[in-house]
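Student: the following block contains a protein sequence and its predicted model.
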Amino acid sequence: MGKNNKERTKVKVIEAKSKSLFGKTQMEKAIEKYTEQGWVLANKRKIRNQDKYTLEFHYFMSPEEIAKEDRNKRNGYILTAVIVLLMCSYSAFQAQVAERQQAAEQSTQIAINRTERAYATQTATLWTLTPTFTPSLTPTETLTPTITLTPTITLTPTQTFTPSITPSPTITNTPRPTNTDSPTNTPRPTSLPAGTTYYVSTTQANTRSCASTECDRVVALFLNDEIEIIDTNVEGEDVLTGTRWMQGIINGQPVFIHSSLVSRTRTATAVPAPVNNITNGGNSSNTSSQNVAPPAGSNCTCSADTYNCSRESFSSMAEARACYQKCVNEGRGDIHRLDGDEDGQICESGLN
């Protein structure tokens, strides 16, 4: 029994001071503390040259404490074994996982290698040319060329283009006579046959490049001048008496003239210009509706520039226009320069 207790004796060694200024010393306190806990002071030795002692305490365990300690040791052993077992199991599991992963990788690599080998074999099969036909040439026949190429097409020019230049007609402007007071024109018929010769029925009429007084003037015509009409019903500018114009030909050139300025028959005597004469853009300054007898101005001289638009030269506008018309009829034109801007209006500002 004593042997078992000896084996189960605990030993504790401490150092404690032996002096204190107030109250108990550190050594006394240590002895008191451990004694109360069941420890027995077994040995006390003074440390040389120091105020300290080495205290050795023994503790004798009871059978209950021994049994408890044994249980605790067994539990510790069991816990340690469990931990070791768990660690071994985890290591084995990790090894199995690694092995399976390695096996899967190897299987994948094998499949990839097989696929690559199959693809390489197929590609090689596709791109391998194996000659299966070997022609055998045996000279048994002599080929003689029998085709002769002979040019048989002859290009011969069959058409010659020769430019023909037709000179443009020369248009000569004749001086225009002065309009005189006259009665209003009788309206022309609404339709006239085309392709017929017509005659100017007023003292002076201008032909245009289109059916409007805004278009360029082509040539001036005078009383009873002929014009060949090719279209009698051309819609154009409305000039007092209507919008019907005619298209004619003068020296091969197409011109337009208002239908109120021409007639199918010649005028027997000189007829003064109508109120709606359009020689100056369709407006006329003639307002008289009575026939005027030839004024004294018709006896004027046309050999030199003698007169002007003044009361000293003419007593009235009618006399000035009569003189102007006389010189035009004699082929002298506007020798007295009574129509300075050549618009067919004589002495537009009146007689000074």
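Tutor: Nice, thanks for sending it over.
Student: all strands of the stretch 1-150 of the chain, in order?
Tutor: Ranges of strands within the stretch 1-150 of the chain are 9-17, 40-46, 52-60, based on DSSP state E, counting those that start in this stretch.
Student: residue 304 is nearest to which of those?
Tutor: Using Cβ to Cβ as the measure, strand 9-17 is the one of these that comes nearest residue 304, at 170.0 Å. Just so you know, the C-beta spots here come from the backbone N, C-alpha and C atoms, and that holds for glycine as well.
Student: buried stuff in that closest one?
Tutor: Judged by neighbour count using 16 or more other Cβ atoms under 10 Å, the buried positions of strand 9-17 are residue 16.
Student: and it, what does it pack against?
Tutor: helix 26-36, strand 52-60 (3 or more Cβ pairs under 8 Å, 6 or more residues apart in numbering; DSSP states H and E).
Student: average pLDDT for the longest one?
Tutor: This means helix 26-36. Helix 26-36 shows a mean pLDDT of 92.
Student: just the CA trace of stretch 68-84, in CSV.
Tutor: Presented in CSV, the C-alpha positions along stretch 68-84 are these (Å, rounded to 0.1, in the frame of the first residue of the first chain):
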residue,chain,number,x,y,z
LYS,A,68,-9.7,9.8,-11.3
GLU,A,69,-6.3,10.4,-12.6
ASP,A,70,-6.3,7.0,-14.2
ARG,A,71,-9.6,7.6,-15.9
ASN,A,72,-8.3,10.9,-17.1
LYS,A,73,-5.2,9.3,-18.5
ARG,A,74,-7.4,6.6,-20.2
ASN,A,75,-9.7,9.2,-21.7
GLY,A,76,-6.7,11.1,-22.9
TYR,A,77,-5.3,8.0,-24.5
ILE,A,78,-8.7,7.3,-26.1
LEU,A,79,-9.0,10.9,-27.4
THR,A,80,-5.5,10.8,-28.7
ALA,A,81,-6.2,7.5,-30.5
VAL,A,82,-9.4,9.0,-32.0
ILE,A,83,-7.6,12.0,-33.2
VAL,A,84,-4.9,9.9,-34.7
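Student: hmm, who's touching that stretch?
Tutor: 8, 61 (Cβ atoms under 8 Å, 6 or more residues apart in numbering).
Student: and it, average pLDDT?
Tutor: Per-residue pLDDT over stretch 68-84 has a mean of 93.
Student: still on that earlier bit, quick one: closest of the strands of the stretch 1-150 of the chain to residue 204.
Tutor: strand 9-17 (159.6 Å).
Student: partner strands of that closest one, with direction?
Tutor: strand 52-60 (antiparallel) (DSSP bridges).
Student: buried residues, stretch 18-37. List them.
Tutor: Those would be 25, 26, 27, 30, 31, 34, for stretch 18-37 by 16+ other Cβ under 10 Å.
Student: correct me, but the second one touches residue 16?
Tutor: What that stands for is residue 26. Yes. Between residue 26 and residue 16 there is a contact under Cβ atoms under 8 Å: 4.4 Å.
Student: report how many residues lie close to the nearest residue to residue 235 once chain neighbours are set aside.
Tutor: Distance criterion Cβ to Cβ, 6 or more residues apart in numbering; nearest residue to residue 235, sequence neighbours excluded, is residue 243 at 5.7 Å. Residue 243 has 13 neighbouring residues, counting by other Cβ atoms under 10 Å.
Student: residues in contact with residue 243?
Tutor: Listed by Cβ under 8 Å, 6+ apart, the contact partners of residue 243 are 235, 236, 237.
Student: quick one: the lengthiest helix in the chain to strand 9-17, angle?
Tutor: Determined from DSSP state H, the single longest helix within the chain is helix 63-126. Helix 63-126 runs at 100 degrees relative to strand 9-17, counting by axes from the mean of the first three to the mean of the last three Cα atoms, to 10 degrees.
Student: now the element after helix 63-126, going C-ward?
Tutor: strand 196-200 (DSSP states H and E).
Student: CA atoms only: put that following strand into CSV for me.
Tutor: Taking Å, rounded to 0.1, in the frame of the first residue of the first chain, the C-alpha atoms of strand 196-200 are listed here in CSV:
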residue,chain,number,x,y,z
THR,A,196,-50.4,78.9,-145.4
THR,A,197,-49.0,82.3,-146.2
TYR,A,198,-50.2,85.1,-144.0
TYR,A,199,-49.7,88.9,-144.2
VAL,A,200,-48.9,91.4,-141.6
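Student: other SSEs contacting that strand?
Tutor: Short answer (3+ Cβ pairs under 8 Å, 6+ apart): strand 196-200 packs on strand 226-235, strand 262-263.
Student: okay, buried residues for the helix or strand just after the last one please.
Tutor: What that stands for is strand 262-263. Using DSSP H and E, the helix or strand that follows strand 262-263 in sequence is helix 317-329. Using 16+ other Cβ under 10 Å as the test for burial, helix 317-329 gives 317, 318, 319, 320, 321, 322, 323, 324, 325, 326, 327, 328.
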